[in-house]
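Trainee: no sequence on hand, only this structure:
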């Protein structure tokens, strides 16, 4: 089965920048063991992205941060998540309430990735793990891989989930883009991005392909919340 190379990043404070790299198959399962660890700062993460690009084609980068900001201070996608999952609503935080370590470091690495043309995917690992259907074999494997990674570092485990989410979008296992809740009200500071999600949110969010024009072609080498 074909597999592609994905990266994941969970921005945090000093020595809490979780990273993950994994080869993931078209059915959503992992091709071999992923690599996860935590780095010191965003500079080290940017150097890691450089190194990955030199070694292999990077298909997409998943980041546990906001890749689109609302001009009103509240994003429709966050409101929709809170409404859909009321028992987990406290894990969904509006942009004006987030810690700067997540927003600033996430933004810097996202902009670095965009210099290579790497497709960007927002993720919300903590919430996602609470709502995934464990009847799916790929979802069950993610849980197992996440728990193994978490034994070493919580931030790195979240980064692994972010990379996996990017793969679900790339292979079209997921077609919901949460930014489509109100794309016209968003500012994409690092260029085009998507927010993949495994299920539609409420009756008003029809299951449909995203309107985003994000390329799914792997990039080639070129010159906690929630």
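Mentor: Cool, the structure landed. Since this is a predicted model, take the numbers as computed values, not measurements. Numbering: from 1, shown residues only.

Trainee: and the next helix or strand past the helix or strand residue 140 falls within?
Mentor: Following DSSP states H and E, one finds residue 140 within helix 137-150. Using DSSP H and E, the next helix or strand after helix 137-150 towards the C-terminus is helix 154-170.

Trainee: tell me what the following helix or strand past that next one is packed against?
Mentor: Per DSSP H and E, the first helix or strand lying C-terminal to helix 154-170 is strand 176-177. For strand 176-177, the elements it packs on are strand 196-197, judged by 3 or more Cβ pairs under 8 Å, 6 or more residues apart in numbering; DSSP states H and E. Any C-beta I mention is one placed from the backbone N, CA and C, and that applies to glycine too.

Trainee: which other residues reach the strand it packs on?
Mentor: For strand 196-197, the surrounding residues in contact (Cβ atoms under 8 Å, 6 or more residues apart in numbering) are 121-123, 165-166, 168-169, 174, 176-178.

Trainee: and stretch 122-135, by the same measure?
Mentor: Under Cβ under 8 Å, 6+ apart, the answer for stretch 122-135 is 8, 10, 62-68, 81, 85, 88, 91-92, 139-140, 142-143, 146, 157-158, 161-162, 165-166, 178-179, 193-196, 198-199, 225-226.

Trainee: redo that, cut-off 6 Å
Mentor: 62, 64, 67, 88, 91, 139-140, 158, 161-162, 165, 195, 226 (Cβ atoms under 6 Å, 6 or more residues apart in numbering).

Trainee: kindly indicate which of these lies nearest residue 111.
Mentor: residue 67 (10.3 Å; Cβ to Cβ).

Trainee: what's the distance between that closest one and residue 59?
Mentor: From residue 67 over to residue 59 the distance is 17 Å, taken as Cβ to Cβ, to the nearest Å.

Trainee: ok, now residue 164?
Mentor: 12 Å.

Trainee: more neighbours: which of the two?
Mentor: residue 164 (28 against 23; other Cβ atoms under 10 Å).

Trainee: how much space separates the closest residue to residue 75 other than its chain neighbours from residue 174?
Mentor: Among residues not flanking residue 75 along the chain, residue 95 sits closest, at 6.4 Å (Cβ to Cβ, 6 or more residues apart in numbering). Taking Cβ to Cβ as the measure, residue 95 and residue 174 are separated by 23 Å.

Trainee: for those two, indicate the residue with more neighbours.
Mentor: Counted by other Cβ under 10 Å, residue 95 and residue 174 do not tie: residue 174 has more neighbours, with 19 against 16.

Trainee: distance of the more buried one from residue 139?
Mentor: 11 Å.

Trainee: ditto for residue 61
Mentor: 21 Å.

Trainee: more neighbours: which of these two?
Mentor: residue 61 (28 against 18).

Trainee: the more buried one pairs with what?
Mentor: residue 7, residue 120 (DSSP bridges).

Trainee: I figured it was touching residue 119, is that so?
Mentor: No. Contact between residue 61 and residue 119 fails when scored by Cβ atoms under 6 Å: they sit 7.2 Å apart.

Trainee: relative to residue 55, which of the contacts of stretch 122-135 is nearest.
Mentor: Looking across those and measuring by Cβ to Cβ, the closest to residue 55 is residue 62, at 18.6 Å.
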